[in-house]
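Chemist: model this:
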Amino acid sequence: MRKLFSTAVVFITILCTSPNLFSQGNSVFLNPGIKLGYTYGENGGFTYGFKLSVTSNVLPEEPTLCYGVVFDIDFNKHWTKIHFGAEGNLITLGLDIGPTLLIQNGTTTLGFSIIPYCGELLYLYYNYSYFGKNMPAMSELGMYLKYHTPIIGEGFHYRN
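Modeler: Take a look at the predicted model:
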């Protein structure tokens, strides 16, 4: 578990210090959040977790179009999921996709997740995770509370 956490910290640090993120006119946001959901199917049930993403607006003239990286860790009484991904959003609609590690009964399985979401501050999401033919896919539905904190540049503002 320490290796996974250390890898996540190094991965996010490298992406956050990329020279491209600091180009003039763009804003960079740190987006921490907590999530509550329900996973359907075998080994399903109440799911909770934490999410952290770092995003930047694509064009300074269009502050509502953003992209970035995301790190999730989710807990359930049967398993733990760790997800790294790339995300993009336009105003209130977004998509997150990337590799996911499932830790269950002392074994770790690599898969991928696709997570569409919609909202502002309070987001509704659907998480589809696939771990191969020998394991059933996981479907999760829930919501998370995520706050956009500008760390470089200005926060989102709409033009009049």
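
Chemist: Enumerate every residue touching the residue lying closest to Leu110 once chain neighbours are set aside.
Modeler: Of all residues not flanking Leu110 in the chain, Leu101 sits nearest, at 6.0 Å (Cβ to Cβ, 6 or more residues apart in numbering). (C-beta placed from N, C-alpha, C; glycine too.) By Cβ atoms under 8 Å, 6 or more residues apart in numbering, Leu101 lies in contact with Leu4, Lys81, Ile82, His83, Thr108, Thr109, Leu110, Gly111.

Chemist: Drop anything exposed from those.
Modeler: Among these, those classed as buried by 16 or more other Cβ atoms under 10 Å are Lys81, Ile82, His83, Gly111.

Chemist: which one of those sits closest to Gly37?
Modeler: Nearest to Gly37 among the buried ones among the contacts of Leu101: Lys81, at 11.1 Å, using Cβ to Cβ.

Chemist: pLDDT at the closest one, what is it?
Modeler: Predicted confidence (pLDDT) for Lys81: 95.

Chemist: One more: Ile12?
Modeler: Model confidence at Ile12, expressed as pLDDT, equals 60.

Chemist: if we can go back for a sec, quickly check the buried ones among the contacts of Leu101 for the two that are furthest apart.
Modeler: Ile82 and Gly111 (11.0 Å).

Chemist: what is in contact with these two at once?
Modeler: Common neighbours of Ile82 and Gly111 (Cβ under 8 Å, 6+ apart) are Thr100, Leu101.

Chemist: Distance of the residue nearest to Gly33 when sequence neighbours are not counted relative to Pro116?
Modeler: Distance criterion Cβ to Cβ, 6+ apart; nearest residue to Gly33, sequence neighbours excluded, is Lys146 at 3.3 Å. Per Cβ to Cβ, to the nearest Å, Lys146 is found 15 Å from Pro116.

Chemist: Equivalent analysis for Val54, please.
Modeler: Val54 sits 20 Å away from Pro116, going by Cβ to Cβ.

Chemist: Which one's more surrounded, those two?
Modeler: Counting neighbours by other Cβ atoms under 10 Å for Val54 and for Pro116 shows that Val54 has the greater number, 20 against 14.

Chemist: following the helix or strand where that one lies, which helix or strand shows up next?
Modeler: Using DSSP states H and E, Val54 sits in strand 45-59. Next helix or strand after strand 45-59 toward the C-terminus (DSSP H and E): strand 62-75.
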